[in-house]
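Engineer: predicted model follows, preceded by the sequence.
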Amino acid sequence: MRSLIYFLRESVKGFSRNLSTALGSIVTIFLSLLIIGIFLMGGIVIENIVSSVESEVSITAYIADEASEADISKTKSFIEGLEGVASVGFTTKDQALENFRNSMTSNPEIIDQLDGENPLPASIDVELSDPQLVEQVAASIESNSTFASICDNPSDPSESLKYGQKTVEKLFSLTSYIRYIGIALVALLIFIAMVFINNTIRLAILARRKEIAIMRLVGASNGFIRGPFLMEGALHALIGSLLSVGALELLRRFALPQLQNALTWLPIDIGGSIMAMIYVALIVAGLVIGLIGSAFAMGRYLKV
Amino acid sequence: MTNDLSQGVPARHARRSGGAHAASARQVTSQLSASLPVLEVDDVPQQMGKPVITFDHVTKIYPAQPNNPALDDISLQIYAGEFVFLVGHSGSGKSTFIRMLTREIKPTQGHIYVADEDLGSMRNWRVPYLRRNIGCVFQDFKLLPNKTVFENVAFALEVIGKNRHVIKTQVPEVLRLVGLQDKLGKLPDQLSGGEQQRVSIARAIVNRPPMLICDEPTGNLDPQTSRGIMDLLERINRTGTTVLVATHDREMVDNMRRRVIALDRGHLTRDQDRGVYGFDA
């Protein structure tokens, strides 16, 4: 315990001894953690958007007017048995017209021009539990012979299936793209932060090499000699990560609501508990970077 | 080079039997001490008490000079409470000898035992505890310029985890022993060379190690100051501390008539009681 206090005192002294390099390592840690944090927050926002789009991923299978009740229910139960299907509903021709009319409230004359005829087909509505499976489910429905016989366009059953395939695919490729870029950037930044910490600790070791020589001479244990440097690296990292946590919190408080106001249709809000987890993760990551960086420097410049 | 074949009166033994109070760390007799071959050089120190330092056919070859061993097949024993001079020209292996004792370097061949522990097989984490039992004094003092005399000596206790109470009692006591009780608050720069060396000796013995090793302790000092330092080392030796002094100082060795171990280009050329420096100037 006493030596912990000693380590702390020594590492704070090291601070003033090499102010510029200490600031350098703090700032790099701060920046890298800040960017990691922004990526995490952005990832969560995108995750939110994706899941809101995903919940809208459904397959609509149009049914011919003359399809029999039995075939329809047979197809429904077949679809219900497929993997990745959450629920199966049915929209009659009348309901379809009603939905259409509701969406066309701004110009009801379109409906009037139908002259009482109903051109809209009935449909089976499939909600998916796993949006990644959308194509697989669609293909299964398409190749089902009962469906092929009752679908709205028997010459090509795939024409009777409608789903937001392209949107989902684009979104997935975008998120994985962003993820890769983020990982690469974060890896680079962590590397830079470690180089900075390594350099700071190297200078601290050089500044104290006389003391270290005497400590070895009089038999200070290796842990005691290393302690202050480990502590110094950890301290810099801790300060850097606390700064980045503060900056992220400011972003969340002030920048996110602005963004939400500008993009009202997107769900941007991030829950407090998730942010707390991000903050803890960032501080832990900072400490690990600091400790590894200084351990690396000691391995190279501090022979005990 | 070594022409003092007639020296050697074994008066040392009487002295050593009186020095039974010599400090810790030598409980068990080295099994090696019995099996060691008798030294073939000059008058052989007879085995009395227990050796604290045993060199058993130690050879050190630095990688830079593979054909020129820094120490070549050295075997000797140093007993608790002895005062030993290690003499030789520059490059004779004195520093290698000392650095092997504190296990800064390991022997290429052979074994070194300090208090019955083989330094060759000693685990790294135990080395600091070895060094706590060996005080070291150097020609260049190795004091920290930004710490006062008191702080310099206290530093040696602080870094091995001694508490404040021990530091407050032991540091003034040891500074009184070396005669610097009035200079506690001075910085090393404000002291003379001899005083700085006393601080360095105080630092070496403040933890009361059973062994004190000095590498050219008077190399930077004038003869009179050197004499004072040697008196101090002798006084420390009388409290039971084993003292090993590597030196060039012919006059001092000749005056003090203690055991002399002479090295010449890595070979042990002489080991005699009450010896003299013996090299041509």
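Structural biologist: Nice, I can see it. Numbering: from 1, shown residues only, chains lettered A, B, ... in the order given.

Engineer: please make it C-alpha for all contacts and neighbour counts, starting now.
Structural biologist: Noted.

Engineer: grab the nearest non-local neighbour of the residue of the stretch 51-200 of chain A found nearest chain B.
Structural biologist: Ranking the residues of the stretch 51-200 of chain A by distance to chain B (C-alpha to the nearest C-alpha) places A:Thr200 first, at 21.9 Å. Of all residues not flanking A:Thr200 in the chain, A:Thr21 sits nearest, at 5.5 Å (C-alpha to C-alpha, 6 or more residues apart in numbering or on different chains).

Engineer: list phi and psi for B:Ser192.
Structural biologist: B:Ser192 adopts backbone torsions of phi -80, psi 170, taken as degrees, to the nearest 10.

Engineer: I should have written B:Val52 there, sorry.
Structural biologist: Residue torsions, per degrees, to the nearest 10, at B:Val52 are phi -90, psi -30.

Engineer: tell me how far the residue in the stretch 51-200 of chain B that chain A sits nearest to lies from B:Phe55.
Structural biologist: In the stretch 51-200 of chain B, the residue that lies nearest chain A is B:Pro128 (4.0 Å; C-alpha to the nearest C-alpha). Here B:Pro128 is placed at a distance of 20 Å from B:Phe55 (C-alpha to C-alpha, to the nearest Å).

Engineer: ok, now B:Leu177?
Structural biologist: If you go by C-alpha to C-alpha, the gap between B:Leu177 and B:Phe55 works out to 32 Å.

Engineer: those two: which has the busier surroundings?
Structural biologist: A side-by-side neighbour count of B:Leu177 and B:Phe55, using other C-alpha atoms under 10 Å in any protein chain shown, places B:Phe55 first with 24 against 15.

Engineer: remind me which helix or strand that one belongs to.
Structural biologist: Secondary structure assignment for B:Phe55, by DSSP states H and E: strand B:51-60.

Engineer: quick check: mean pLDDT of that strand?
Structural biologist: The average pLDDT within strand B:51-60 is 89.

Engineer: give the next helix or strand downstream of that strand.
Structural biologist: Next along the chain from strand B:51-60, counting by DSSP H and E, comes strand B:71-79.

Engineer: which strands and helices lie in contact with that following strand?
Structural biologist: strand B:51-60, strand B:267-272 (3 or more C-alpha pairs under 8 Å, 6 or more residues apart in numbering or on different chains; DSSP states H and E).

Engineer: apply 6 Å and report the result again.
Structural biologist: Secondary-structure packing of strand B:71-79 (3 or more C-alpha pairs under 6 Å, 6 or more residues apart in numbering or on different chains; DSSP states H and E): strand B:51-60.

Engineer: strand partners (parallel or antiparallel) of the strand it packs on?
Structural biologist: Here strand B:51-60 is paired, per DSSP bridges, with strand B:71-79 (antiparallel), strand B:109-114 (antiparallel).

Engineer: and the angle from that strand to strand B:267-272?
Structural biologist: 160 degrees (axes from the mean of the first three to the mean of the last three C-alpha atoms, to 10 degrees).

Engineer: ok, back up a step: which other residues reach the strand or helix carrying the residue of the stretch 51-200 of chain B closest to chain A?
Structural biologist: Using DSSP H and E, B:Pro128 sits in helix B:127-132. For helix B:127-132, the external contacting residues (C-alpha atoms under 6 Å, 6 or more residues apart in numbering or on different chains) are A:218-221.

Engineer: from the residues you listed, which are also near chain B?
Structural biologist: For chain B, the contacts drawn from those by C-alpha under 6 Å from any C-alpha of the partner chain are A:218-221.
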